[in-house]
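Enquirer: Fold the following.
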Amino acid sequence: MSRARTFADLATSYGQGNALGKRNIAFNGDMAVSQRATSTTAVGATSSHYPTLDRFLYQANTSGRATVSQATITDLPGFRFAQKIDVTTADTSIAAGEYFIINQMIEGFDVQRLQYGTSDAKTVTVSFYVKGTAKTYACEILTSASGTSKTFNVTTSWNRVSLTFPANTSDTVNQDNTNEFQLSIWLHAGSTYTGGTMSGAWGSTAANRAAGIGSIFSSTDNELFITGLQIETGDVATPFEYETFEASLARCQRYFYAPVTKAGGDHYFSNGWQYDASNVLGLIFHPVQMRTSPTVISADGTNYFSFYRAGAADHFNDVVLNAGNDKATSIINANDMSGTAGHAGGMLASVNAFVYLTAELE
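Expert: Sure, this is the predicted structure:
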């Protein structure tokens with residue numbers, strides 16, 4: 001792309017409602033943030049979860065399985081990471097209600113620029129880079145009331161897909177912290193979702209959502225790489241908007257924060273104090289304000305955690321939510337302590353432990 005064309009597209013984008021300082025509505029578009037893990041196997045066995053890269057929710061109803069990883073790439077200038085889907089179990093007998101979808105859900109606070117539900121509603125352009133086994137898949141954008149889809153093609157070489165979706169003058173998006181705008185990439189679907197005709201218009205007919213797509217699960221030789229995801233207003237795909245890693249991580253931590261990961265090794269993660277002789281409390285301050293009060297997910301294994309206090313230590317298996325809000329979370333281990341009420345100390349996690357705080361949209 002020439003420099004003149006780049007400037008022209010940026011000017012057009014600005015005129016269509018994008019702030020030049022923050023055009024991209026998508027999160028983690030360069031696939032650099034992966035707090036949970038860098039690789040997860042058997043994706044598809046769980047109906048809905050975030051397996052690897054931050055902000056990418058997988059929904060599945062299939063006997064097919066895949067490994068999803070944060071792949072290091074060297075063949076696409078400007079990008080170091082891609083999301084890789086590598087099929088490990090095929091599914092060639094596709095029932096009507098099957099699906100395998102990569103989603104990104106975006107809260108209402110972040111999509112008011114779309115002006116949906118008004119006569120000033122904006123068109124939206126979704127762009128991303130893909131390569132892999134040659135297939136046709138579908139990209140869909142949705143509100144709580146309706147959606148619109150378009151197909152795209154994957155080849156064995158990197159290609160930037162650019163899809164422009166019409167303005168939505170009917171569906172209002174609330175200005176709140178709920179899922180008000182969703183991007184879905186359909187990689188596998190049965191006739192319930194493929195039996196219609198894809199028109200590109202907004203609607204709510206299930207059979208049109210993934211019409212015309214192939215299946216990533218047709219063979220264990222199949223794979224897909226995707227990176228450079230951008231969602232912006234207007235009818236042109238402007239150059240990918242890079243964020244610093246710190247800025248991207250902070251945006252992702254509004255939804256998921258991992259004060260303890262398996263890769264972190266033995267380390268202290270919280271101050272603590274004995275509520276009474278058998279219960280210890282800890283307090284974790286969130287690095288950013290989370291979307292809502294998070295839930296706590298922790299490892300559960302023999303002596304995964306320790307509480308060091310007053311020249312002694314107690315070892316325990318897990319921690320659970322005690323109380324909290326969107327700014328801080330109190331955790332507790334009950335009935336595994338042997339100290340004295342009021343003793344202060346520090347909570348240490350072993351190499352096998354993890355503690356996750358999640359306020360994800362699902």
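
Enquirer: what's the nearest residue to the residue nearest to the spatial centre of the chain if we skip its chain neighbours?
Expert: The centre of the chain sits closest to R55, judged by CA atoms, centre = their mean, with a distance of 1.5 Å. Beyond its immediate neighbours in the sequence, the residue positioned closest to R55 (CB to CB, 6 or more residues apart in numbering) is F27, lying 4.0 Å away. For every residue, glycine as well, the C-beta is placed using N, CA and C.

Enquirer: Surely the one you found is in contact with C252?
Expert: Yes: F27 sits in contact with C252 when judged by CB atoms under 8 Å, with a separation of 6.2 Å.

Enquirer: intersection of neighbour lists for those two?
Expert: Shared contacts of F27 and C252 (CB atoms under 8 Å, 6 or more residues apart in numbering): D54, R55.

Enquirer: what stretches of the protein score poorly on pLDDT?
Expert: The model of the chain has pLDDT under 70 over residues 1-21, 264.

Enquirer: ranges for the helices of it?
Expert: Under the criterion DSSP state H, helices of the chain are mapped to 3-15, 191-194, 245-253.

Enquirer: Report the contact partners of the residue nearest to the centre of the chain.
Expert: Neighbour list for R55: F27, N28, V33, Q104, C252, Y255 [criterion: CB under 8 Å, 6+ apart].

Enquirer: hmm, 7 Å instead?
Expert: Contact partners of R55, counting by CB atoms under 7 Å, 6 or more residues apart in numbering, are F27, N28, Q104, C252, Y255.

Enquirer: Output these in JSON lines, with neighbour count appended to each entry.
Expert: Below are the contacts of R55 laid out as JSON lines (neighbours: other CB atoms under 10 Å):
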{"residue": "F27", "neighbour count": "22"}
{"residue": "N28", "neighbour count": "21"}
{"residue": "Q104", "neighbour count": "20"}
{"residue": "C252", "neighbour count": "20"}
{"residue": "Y255", "neighbour count": "23"}
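
Enquirer: Relative to A341, which of these is nearest.
Expert: Nearest to A341 among those, counting by CB to CB, is Y255 at 36.1 Å.

Enquirer: Can you tell me what sits against stretch 244-256?
Expert: 27-28, 32-33, 35, 54-55, 287-291, 356, 358-361.

Enquirer: Narrow those to those that are buried.
Expert: 27-28, 32-33, 35, 54-55, 290-291, 356, 358-361 (16 or more other CB atoms under 10 Å).

Enquirer: Could you list which of the residues you listed belong to strands?
Expert: Y356, T358 (DSSP state E).

Enquirer: Please tabulate the buried ones among the contacts of stretch 244-256 in a markdown table, including the columns distance to S330.
Expert: Shown next, in a markdown table, are the buried ones among the contacts of stretch 244-256 (distance: CB to CB, whole Å):
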| residue | distance to S330 |
| --- | --- |
| F27 | 27 |
| N28 | 28 |
| A32 | 31 |
| V33 | 26 |
| Q35 | 21 |
| D54 | 24 |
| R55 | 26 |
| M290 | 14 |
| R291 | 18 |
| Y356 | 15 |
| T358 | 16 |
| A359 | 15 |
| E360 | 20 |
| L361 | 24 |
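
Enquirer: Now L283. Nearest residue, chain neighbours left out?
Expert: In space, L283 is closest to S330, 5.4 Å off (CB to CB, 6+ apart).

Enquirer: Tell me what that neighbour is bridged to.
Expert: L283, A323 (DSSP bridges).

Enquirer: Give the full set of residues in contact with it.
Expert: L281, L283, N322, A323, G324.

Enquirer: how close does it sit to I297?
Expert: To I297, S330 is 15 Å away according to CB to CB, to the nearest Å.

Enquirer: what's N325 in contact with, if anything?
Expert: Counting by CB under 7 Å, 6+ apart, N325 has contacts S293.

Enquirer: what's the spacing between it and L183?
Expert: 29 Å.

Enquirer: Tell me how many other residues crowd the closest residue to L321 other than its chain neighbours.
Expert: Closest residue to L321 apart from its sequence neighbours, by CB to CB, 6+ apart: V296 at 4.2 Å. Burial measure for V296: 19 neighbouring residues, criterion other CB atoms under 10 Å.

Enquirer: and V296, bridged to which residues?
Expert: L357.

Enquirer: next one: A138
Expert: T151, W186.

Enquirer: Could you pull up the residues touching it?
Expert: Neighbours of A138 in contact, by CB under 7 Å, 6+ apart: S149, K150, T151, W186, A210, I213.

Enquirer: And for A359?
Expert: Y255, M290, R291, T292, P294.

Enquirer: do you know how far it is from G64?
Expert: Counting by CB to CB - A359 and G64 are separated by 30 Å.

Enquirer: Who's the closest spatial neighbour of A258, skipping the chain neighbours?
Expert: Nearest to A258 is Q35, by CB to CB, 6+ apart, at 4.5 Å.

Enquirer: picking that back up, can the contacts of A359 go into JSON lines with extra columns for distance to L224?
Expert: As requested, these are exported to JSON lines (distance: CB to CB, whole Å):
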{"residue": "Y255", "distance to L224": "24"}
{"residue": "M290", "distance to L224": "31"}
{"residue": "R291", "distance to L224": "29"}
{"residue": "T292", "distance to L224": "32"}
{"residue": "P294", "distance to L224": "31"}
